[in-house]
Every structure is written in C-alpha cells, then in structure tokens.
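Asker: below are the sequence and a predicted model; questions follow.
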Amino acid sequence: MPSLKVEEIREDFPILKKKIRGGRLIYLDSAASSLKPIQVIETIREFYLNEYSNVHRGVHLLSQQATSRYEDVREKVAKFINAYSPEEIIFTYGTTDSLNMLAYSYALRILKPGDEILLTVMEHHSNILPWMMMSSMTGAKINYIDITNDGLINRNELDEKISEKTKIVSVTHMSNVLGTIVDVRNIARRIHEVGGVIIVDGAQSVPHMPVNVRELEIDFLAFSGHKMLGPTGVGILWVKRDFLGELSPFRLGGGAIREVTLRDFVLLDPPHRFEAGTPHIAGVLGLGAAVDYLERIGMDNVRKYEEELTDYTLKRLSELGDAITIYGPNNISDRGGIIAFNIKELDSNIVGSLLDGYGVAVRTGKHCAHPLHQRLNIEGTVRASLYLYNNKEEIDYLTTALNEIATATKA
C-alpha cells in the first residue's frame, strides 16, 4: 500500500492539470526544481496582496507582522532539520549561495598552504567551483574521492585521503545524477577525528528524506527552497552553533549592522549579521508554507513512498533490456528518486526532446556535474527525478514512450 495519498496530493498541484502536446503533463524533473502546491502559491499571493511590508526595520503594524512571520519561518526550518536553535538558520538565495558563503566566510579565514579540501567526483559544480577558488586564493589543495562502479563512495579512498591535513570535507548528501545517498555521518566522524569539519550539500536530500543535523553529526548544511515545494530565490545555510562565531559576513549593509560611525561598525548577532539587504520576504514565507506541507505529510512517509516508486521505476525501465543503460546504486536503500539513464545509440538531449513530444518533462545533459560524467566516460544522461506527486501510471507512460523511442531507433 502507498505510504501517502498521492492522488489527493496531486490535487494540490494545479500545474499537473496542464495539457502538454495535447496530453497531460508528466513532470519528472523535480531534481532541477519541484512543482509548487496551491498552499505555497496562496501564501505568497496573500502576502503581496494584503500583508506586504519590509522586515526588521519598521515600527508600524505591517512591518511588525511581516517580521514576526519571517522569523517564525526560521523556527520552522530549525525544527524541520532538528537544529539546536533558530539562530543557526541563515537565509540565503539558494544552495549555491550558501556554499559560496561558507567558502568566503569560513574557509578563506582558516585555510593556508599545505591544507587540504576533500570532495567527491560526483559533486554538483556548486560544490566544486567555490573550493577551486579557495584553493587558488589560499594555496590549499583539493583531493577527490572516487566512486565504485555502482555509484557508491569508494570507502578505501575515503580512509586513505582523510588525514591531519584535511581541514574541510564538502560532500553531497544525495547525488543529483546518480541518486546515491552518502553516509555523511560516517564521514563526519572520520573528519572530526583529525580535527576537520564537514559541509553537506543537502539540495537533493532535504526535500526527500528526514534530515536530522544532530543525528548526522555534521557541521554545516546547505539546501534550497525551490527543490522542496517552495519558491526560487530562497536557500538555507545551517551553521552549527559552535561555528557561528568563526564566520565573517560574506556581505555587509543594511540589516546586518547594529551601529555605524564614520570609522567603524558593530555587527548584529547571528544570524542577522549574515543577511545584509532586504531579503526575499515572500519567498521565505512561501518556504514556511512548504515546510508546513511536508511536515503534515511526514518526511518518513515521503521517503518510504519514493523508495517504492523508485523501485517500481527501475523495474519498469529494466524491461527495455539492452536498449537502456541505468546508472547509480543497485540497492534502493542507497539511492533517492533520481534515475539517470541512456537509450542505446541516442544522445541524451535527443531522447529528452523526443520525450517532450509525449508531454514528459525530464532533464538531459551533464546536470552541472561534468567531472562525474567524465568519470563515467559518457557525454550526458537523461535524468528522471521523482517526488511525492508522481505515481506509477506516469512511470508506465514513461516506459511506453521510451520503448517506442528505442524501437523506432532500431528501425
């Protein structure tokens, strides 16, 4: 039995009633950005229509109300990931912004020549490029952990490459290509043994599974609102309270300062010192509505359902036999609802375009993970990514479409 009422959930997503190419929309691109439920849309709409004001600056009623609601979302997010306190939640513009903030606010201050940064070959560019910049600016060296043939972290390399020189490990919690779920708690324990820290890219994990920062024993977590039913332009950087005092603000300006003279300034306490400028207020409120929505369903239920649907998808796609190559872990417990594949003798972009003709939305290419595709020795992949509003009928339709595409290619 399904672990959640999918057909009722689908009613909350108006876009799923949209017709594409004369048929219904089959949206399998949630790893790029999730669809939005009506509850999130209406929260944003109502704020702009009847409640709008800037936050943290006004004594009038609208400003006070907006500020209260904005800070309430900080508490919701803290509870959602089991942070120690709301002060650990910094609102950013997305995962990319959060990781760059950490690079410039934290890493730039602590790294020096001879230090090492450890990444994996399956990182998103957003978790590679900031560290390349830090390497060039500080003289620290970047090392990479390879993966096994089935897309898992190479544990032997992990043990070999973490040393006293390793100051930072920055790793995805769930690969945006292979769907691999990384055991970040094990990595956290290893890096803490040598006095380093762990940064986790949770862009793909936080929307799809329970993420408890205390249980994971990590130090920093970055994730985005738009991948978890919320609006674009809103991200979260969780900083373990032990490190809040070690970060320097990435940006300075209004909203981050307690007092300014012509010679000096005094910063506000965390987290506000890291949120200079007028924030994306409506976006944060929309994020709060998204958190409420996911909390009502329960992240354990989301994860259980996606495991069931992923297992079903892999079985259906495997029916295509030699015509399809599927990448990533074999065990469902090791992967999320992200399935990368290729159809024999067809470029991934061609497959994506042909699927679009069926009304099926997937992602194609290298998915901002060029090094991973180089490691796999392929030019690109087709990526079907699942979420709580997808169902088996859509997977059946996808399989039928792919079978017709593969058959036409043989002819």
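Answerer: On my side now, so go ahead.
Asker: how long is stretch 229-248 from one end to the other?
Answerer: End-to-end distance of stretch 229-248: 31 Å, with C-alpha to C-alpha, to the nearest Å as the criterion.
Asker: tell me how far that stretch is from the chain's mean position?
Answerer: 13 Å (C-alpha atoms, centre = their mean, to the nearest Å).
Asker: next one: stretch 293-312
Answerer: On C-alpha atoms, centre = their mean, the centre of stretch 293-312 falls 16 Å from the chain's centre.
Asker: so for that stretch, mean pLDDT?
Answerer: For stretch 293-312, mean pLDDT rounds to 97.
Asker: buried stuff in that stretch?
Answerer: Tyr293, Leu294, Met299, Asn301, Val302, Arg303, Tyr305, Glu306, Glu307, Glu308, Leu309, Thr310 (16 or more other C-beta atoms under 10 Å). C-beta here means a position set from N, CA and C on the backbone, and glycine is covered the same way.
Asker: isn't the last one up against Leu386?
Answerer: Spelled out, that is Thr310. Yes - in this structure, Thr310 sits in contact with Leu386. The criterion is C-beta atoms under 8 Å, and the distance is 6.3 Å.
Asker: contacts for stretch 364-383, please.
Answerer: Stretch 364-383 is contacted from outside by 29, 31, 121-126, 128, 144, 146-147, 175-178, 327, 338-343, 347-349, 351-352, 355, 362-363, using C-beta atoms under 8 Å, 6 or more residues apart in numbering.
Asker: so which of those residues are in helices?
Answerer: Within those, residues falling in helices by DSSP state H are Ser348, Asn349, Val351, Gly352, Leu355.
Asker: residue ranges in the stretch 151-300 of the chain under the pLDDT threshold?
Answerer: In the prediction, the stretch 151-300 of the chain carries no residues with pLDDT under 70.
Asker: quick revisit: identify the contacts common to Thr310 and Leu386.
Answerer: Once C-beta under 8 Å, 6+ apart is applied, the residues that Thr310 and Leu386 both contact turn out to be Gly337, Ile339.
Asker: returning to what we had before: among the ones in helices among the contacts of stretch 364-383, which ones are buried?
Answerer: Ser348, Val351, Gly352, Leu355.
Asker: now Lys79: how far from Phe91?
Answerer: Summarising the geometry, the distance separating Lys79 from Phe91, computed by C-beta to C-beta, to the nearest Å, is 15 Å.
Asker: more neighbours: these two, which one.
Answerer: When Lys79 and Phe91 are compared on other C-beta atoms under 10 Å, the one with more neighbours turns out to be Phe91, at 25 against 13.
Asker: tell me the pLDDT of the more buried one.
Answerer: Residue-level pLDDT assigned to Phe91 equals 98.
Asker: count the neighbours of His192 for me.
Answerer: Once other C-beta under 10 Å is used to define contacts, His192 is seen to have 15 neighbours.
Asker: same question, Lys17
Answerer: Lys17 has 10 neighbouring residues, counting by other C-beta under 10 Å.
Asker: which ones are touching it?
Answerer: By C-beta under 8 Å, 6+ apart, the contact set of Lys17 is Arg24.
Asker: re earlier: buried subset of the contacts of stretch 364-383 as a PyMOL selection?
Answerer: Of the contacts of stretch 364-383, the buried ones go into a single PyMOL selection, burial set by 16+ other C-beta under 10 Å:
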select buried, resi 29+31+121+122+123+124+126+128+144+147+175+176+177+178+327+338+339+340+341+342+343+348+351+352+355+362+363
